[in-house]
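Trainee: Provided below for reference: sequence and predicted model.
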Amino acid sequence: MIGAARRDWLLTEAPASRRQARLGQSYRLWMAFSRNRLAMVGLGIVLALVAMAIFADVIAPYDPLRGGGLRTARLLPPSAEHLMGTDDQARDIFSRIVHGSRITLMVVALVAVIATPIGLLVGTCAGYFGGWVDTVLMRITDVFLAFPRLILALAFVAALGPGIENAIIAIAITSWPPYARLARAETLTIRDTDHIAAIRLQGASSARILWGHVTPLCLSSVIVRVTLDMAGIILTAAGLGFLGLGAQPPQPEWGAMIAAGRGYIIDYWWVATMPGIAIFVVSLGFNLLGDGLRDILDPKART
Amino acid sequence: MNISRRTLLASSVAAAALLKAPLAWAATPPDTLIQAWAIDDIISLDPAEVFEFTASEILGNTYDGLVGYDVDDVTDISGVLAESWEVSEDGKTFTFTMKPDLQFASGNPITAADPVFSFVRVIKLDKSPAFILSQFGFTPDNVEETIRQTGDMTFEFEMDQAYAPTLVLYCLTATVGFIVDKALVLEHEADGDFGYEWLKTNYAGSGPFVIRDWRANEAVVMERNQNYWGEPPALERSIYRHIPESATERLLLQEGDIDIARKLSPQDIQALRGADGIKVQEGVKGSIYYLGLNQKNEYLSHPKVREAMKYLVDYGAIADTVMEGLVEVHQSFLPKGFLGVLEETPYSLDVDKAKALLEEAGYPDGFTVTMDTRNTPDITGMAQAIQQTMARAGITIEIIPGDGQQTLTKYRARNHDIYIGRWGPDYQDPHTNADTFARNPDNSDDASAKPLAWRNSWDIPEMTAMADAAVLEPDTEKRAEMYRELQREHQQVSPFVIMFQEIEVLAMRDEVENFIIGPSFNDNSFEFVTKG
């Protein structure tokens, strides 16, 4: 009964307060989202990843950095004792993958936190002000877009020096341009609308309009795009790790783990395969989640 | 109509052939030897500068020295380009006579002017390996008077002291003593550089093969020397391909795309031992694996810390697992097979002892240092195993991977904390390793000689004097004892954690015969290789 009442309160056509309206809107989105099975799978994977990262110390049965005896515990196949086997340094691969989720999540989160605001700022400014501001900002964006992302990230890491922090910076530097493009396109459609004109007539400053009225409207499509890009970010980070430019040994970064395992791939398949599966599952999870979010957040696609 | 039908027929036949092609059994050409190796350490092909494993082997097959030795019995020294030599009564001057009627690959005749030019060039250019010759008292200022041509085919080699004659001759067998073609090199001289810029990537020798092409991190191509003065080799061409991954080498070898795999991991060697059509060849090498601890680092310069680190490597386990079959435990700077070798191995993994030593040193909680690591699987594997055992005593090691050139360049500029490396003796006399591990005549940043002790900023006037005394000792037994003495002290106090001696293992296709694995890399020879 209580559930039904709350549901009615959320779904009412005439909300009594702003809060009720906002919550009601969120609830509708959630209902739309939860109808999409694949999106729910994606959400599940991402939540599992987050949980794994938070509780890594509890979940992982062994130390991810310190292996067992080189003579006794090296390159063991998957078993009940070592769920995913052990690697060439006698370390438990499952424990390394669990701890590696922290690195993966950190990369994804930091890149999103760094690249999204830059992209939004550049894109909204270019779209709102137009003219030479637009030209300058968009040409800079074009310069970045002119290079393949991995190649540009490689160049930045080579210049900054190998390491996970530098890899994050390099990926962030190379991933903002699409968000800027997107935000600019959205801003162009928004800036001439009546409500923006009304605020401008009331004397609001450009900064206030951009921050308070343009950015929120761009946000949903940018979020969708960022979520869809997460898989790419993970792959780029893994690629840098594979090439020895990302996380350094003995950090359990998944790409670096694959690189270490490729020397053993013929006789000890699990060393490279397990982190490969991890990368695959997580990338798939973010892609499914992104797809689901696009379906509900993009007003043009909604039917 | 007719024409188009014929074209159609032809193209379908071609398409069928193309489709079939991948099914055909791959094989290397019968007159070409293709070896897969990691050749990223090559920085030059100039005998005056080469000091690296791969490049040494290449020069060993393409250049000749004055003298050489039998790889099965290194005491048997004989002339190569030199016909004979005499030592003066005071023991300071060698007079060499060249063999008549020999010629370089370019067709230029070999006369006494060529060795004189080659040695003067080495001393004046003064690159890393120059000390092998300059230790006999040659300097850029006096070399033109002390190494002098006395006739068409004779020249004199005057040293500052009466060194043991075998030491001198062994030094001349090193790559730095190889003879370059004076006339050819001078054609390419620019601004008085003795053709240094040109010879970096070109060739001016007289060996069985000529170097045709070196593409960094890709391939080195050698061809039969058409003007070779000796018996011409059976092979038309010999190629090194840069394939650093062991698994890739193994697959290529099994598929017949290469003839010899040079850089195999232990597990791939094990797998290949029983494989059809493949055989494995081994040879004990003089090379030593060690850690160099830079004394410019405040932690590493503490004697207790140095000692503690020697207890933090699991020598036995690494030799039995990560490096199985490729190394044996060895903890002194002279490798087995050398005069005066010390076979004691006092160190093994002992974390408690190391912790106590670190506490005495004032670092009970350990510290953090970096380790420059060449990104080949063997070195990386060892580095990670060491990283784990060091961590047990609180020493955090950050591994900085790089290719051979990057890590070496940094090491030579002594900008590292710890360098994990491999050292191969330059010649077969014990002085070669004593000279680099236990001698550091000038520890200043702009020193002219830069031995390993210098690279690790280890200032050791007393040990340098001991090593110098051993060189002049004429009695072989006494000399051997002096080296053992030196190594015992070195083992205790040095900033070198000497770990292993290398066993070179290579796998080849059954039809490859007569590959020679010598004690040092410039003795590895494919001159006589045939493919049946």
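Mentor: Looks like it came in fine. Numbering: from 1, shown residues only, chains lettered A, B, ... in the order given.
Trainee: show me what from chain B comes close to chain A.
Mentor: Counting by Cβ under 8 Å from any Cβ of the partner chain, the residues of chain B lying close to chain A are B:245-247, B:250-251, B:265, B:267-268, B:271, B:314, B:317-318, B:320-322, B:375, B:377, B:380-381, B:383-385, B:387-388, B:391-392, B:398-401. Placement of C-beta: from N, CA and C, glycine included.
Trainee: among the residues you listed, which are located in helices?
Mentor: B:246-247, B:250-251, B:267-268, B:271, B:317-318, B:320, B:377, B:380-381, B:383-385, B:387-388, B:391 (DSSP state H).
Trainee: tell me where the model's unsure across the stretch 151-300 of chain B.
Mentor: Low-confidence segments of the stretch 151-300 of chain B, defined by pLDDT under 70, are absent.
Trainee: which residue ranges form the strands in it?
Mentor: Taking DSSP state E, counting those that start in this stretch as the criterion, the stretch 151-300 of chain B contains strands spanning B:154-158, B:209-215, B:219-224, B:237-242, B:260-261, B:278-293.
Trainee: would you mark the buried spots in the helix or strand following the last one?
Mentor: I take that to be strand B:278-293. Elements were assigned by DSSP states H and E; along the chain past strand B:278-293, the next helix or strand is helix B:303-310. If you call a residue buried by 16 or more other Cβ atoms under 10 Å in any protein chain shown, then helix B:303-310 has these buried ones: B:K304, B:V305, B:R306, B:E307, B:A308, B:M309, B:K310.
Trainee: thinking again about what came up before, give me whichever of the strands of the stretch 151-300 of chain B is most buried.
Mentor: Each of the strands of the stretch 151-300 of chain B was scored by mean neighbour count; the highest is strand B:260-261, a mean of 24, by mean count of other Cβ atoms under 10 Å in any protein chain shown.
Trainee: which residues of the stretch 101-250 of chain A lie near chain B?
Mentor: Where the stretch 101-250 of chain A comes near chain B, counting by Cβ under 8 Å from any Cβ, the residues are A:P162, A:G244, A:Q248, A:P249, A:P250.
Trainee: tell me the residue of chain A that sits nearest chain B?
Mentor: A:L70 (4.0 Å; Cβ to the nearest Cβ).
Trainee: my guess is that residue contacts B:T321. True?
Mentor: Yes - assessed by Cβ atoms under 8 Å, A:L70 is found in contact with B:T321 at 4.4 Å.
Trainee: for residue 91, give me the pLDDT.
Mentor: Since you didn't name a chain, this refers to chain A. Note on A:R91: pLDDT of 91.
Trainee: you looked at the wrong chain, it should be chain B
Mentor: What the model reports as pLDDT for B:G91 is 86.
Trainee: could you check how far B:E502 is from B:F53?
Mentor: For B:E502, the distance to B:F53 under the criterion Cβ to Cβ, to the nearest Å works out to 10 Å.
Trainee: any shared contact partners between the two?
Mentor: Both B:E502 and B:F53 are in contact with B:S287, B:R422, where contact means Cβ atoms under 8 Å, 6 or more residues apart in numbering or on different chains.
Trainee: from B:A36, how far off is B:S520?
Mentor: Note on B:S520: its distance to B:A36, by Cβ to Cβ, is 21 Å.
Trainee: number of residues surrounding residue 111?
Mentor: Answering for chain A, as no chain was given. A:V111 sits with 28 neighbouring residues when counted by other Cβ atoms under 10 Å in any protein chain shown.
Trainee: you answered for a different chain; I wanted chain B.
Mentor: 20.
Trainee: ok, now the one 10 residues further on?
Mentor: Per other Cβ under 10 Å, the neighbour tally for B:R121 reads 22.
Trainee: ok, now which ones touch the nearest residue to it once chain neighbours are set aside?
Mentor: With Cβ to Cβ, 6 or more residues apart in numbering or on different chains as the measure, B:F194 is the residue that lies nearest to B:R121, at 4.6 Å, once sequence neighbours are left out. For B:F194, the contacting residues are B:A48, B:R121, B:K124, B:L125, B:V185, by Cβ under 8 Å, 6+ apart.
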